[in-house]
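Asker: pasted the sequence and its predicted model underneath.
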Amino acid sequence: MGMWGDIASAAGGLLSSYLSSESQKDAASSASSAQTAASTAGITEQRAQFEAIQKLLKPYTYTGTAALGSQQALLGLSGNEAQQAEIDALENSAQYKSTVESGENAILQNASATGGLRGGNVQGALAQFRPQVLSSLINQQFSNLGSLSTLGQNSAVQQAAAGQATGNQVSSLLGNIGSAQAGNALAQGQANSNLWSGVANTLGTLAGSKF
């Protein structure tokens, strides 16, 4: 009976070691899967938020880029044709035409009231007025475009900052996935090690028993 009892005890020990090993493996696998799923969901959300920020800032970055292009054209950095096109657009604008019309009427009315309508001063004032208005309008336009290009620059900076933050978060979450998978592999290895250690101990005990 002693021999059979030892054999039964050994068999029970082997079964216990096997079940413990499988339980450890299942627990490690479940924990790894849960952490991997959570990190993957986090990555998806981070990217979705970054895309939302890009969409919100796109009109401002686009406007800023267009404004910068117009500034370059006014300065002649994009060639003579582009510069002339910007100036022609200002000369044909409603603002320029309205300013010129109002200003010339004021000059003529003042000259008429003072009896100097045909004087040289009036003709000189009329000749200088339009170029002055155009020059002033160009400077004003450049300043206005500068405000828009600055707005676009700031939006681009915000977008870059959001992109960097997203990259950092995604990298961290990817690291979590790697850690989860590495932890699972280590736990699986430890479970196998424990199993074979239990088997060896049981067999050693059995071999040392007296039948």
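Answerer: Received, thanks. Numbering: from 1, shown residues only.
Asker: return the helix or strand in the protein with minimum mean pLDDT.
Answerer: Sorted by mean pLDDT, DSSP states H and E, the helices and strands of the chain end with helix 2-74, the least confident at a mean of 70.
Asker: same question for the helix or strand that that helix is followed by, mean pLDDT?
Answerer: Next along the chain after helix 2-74, taking DSSP states H and E as the criterion, comes helix 80-91. Helix 80-91 shows an average pLDDT of 94 in the prediction.
Asker: can we start the residue count at 36 from this point?
Answerer: Will do, 36 is the new start, and the previous item becomes helix 115-126.
Asker: so which elements touch helix 115-126?
Answerer: Here helix 115-126 touches helix 37-109, helix 155-243, going by 3 or more CB pairs under 8 Å, 6 or more residues apart in numbering; DSSP states H and E. Heads up, the C-betas are built off the backbone N, CA and C, glycines and all.
Asker: again, only using 10 Å
Answerer: helix 37-109, helix 129-149, helix 155-243 (3 or more CB pairs under 10 Å, 6 or more residues apart in numbering; DSSP states H and E).
Asker: buried residues, the shortest one. List them.
Answerer: What it means is helix 129-149. For helix 129-149, a neighbour-count test (16 or more other CB atoms under 10 Å) marks Tyr131, Thr134, Val135, Gly138, Ile142, Ala146 as buried.
Asker: report the lowest-confidence entry in the residues you listed.
Answerer: Ala146 (70).
Asker: surely it and Leu161 touch.
Answerer: Yes: counting by CB atoms under 10 Å, Ala146 does reach Leu161; the two are 9.2 Å apart.
Asker: surely Glu86 touches Thr201?
Answerer: Yes: using CB under 10 Å, Glu86 is in contact with Thr201, at 9.4 Å.
Asker: more crowded one of these two?
Answerer: Thr201 (18 against 11; other CB atoms under 10 Å).
Asker: surely the more buried one touches Thr79?
Answerer: No: distance between Thr201 and Thr79: 11.6 Å, which falls outside the contact criterion (CB under 10 Å).
Asker: what's the neighbour count on Leu208?
Answerer: 20.
Asker: how about the nearest residue to it, chain neighbours excluded?
Answerer: Residue nearest to Leu208 in three dimensions, not counting chain neighbours: Ser74, with 4.3 Å by CB to CB, 6 or more residues apart in numbering.
Asker: distance of that neighbour from Ser207?
Answerer: 9 Å (CB to CB, to the nearest Å).
Asker: quick one, which of those two is more surrounded?
Answerer: Legend: neighbour count by other CB under 10 Å for Ser74 and Ser207, higher for Ser74 (20 against 13).
Asker: distance of the more buried one from Thr201?
Answerer: For Ser74 relative to Thr201 (CB to CB), the value is 14 Å.
Asker: now swap in Thr134 and tell me
Answerer: From Thr134 to Thr201 the distance is 48 Å (CB to CB).
Asker: with Leu110 instead?
Answerer: Applying CB to CB to Leu110 and Thr201 gives a distance of 36 Å.
Asker: does Asn189 touch Tyr95 like I think?
Answerer: Yes: when contacts are counted by CB under 10 Å, Asn189 is listed as touching Tyr95 (7.9 Å).
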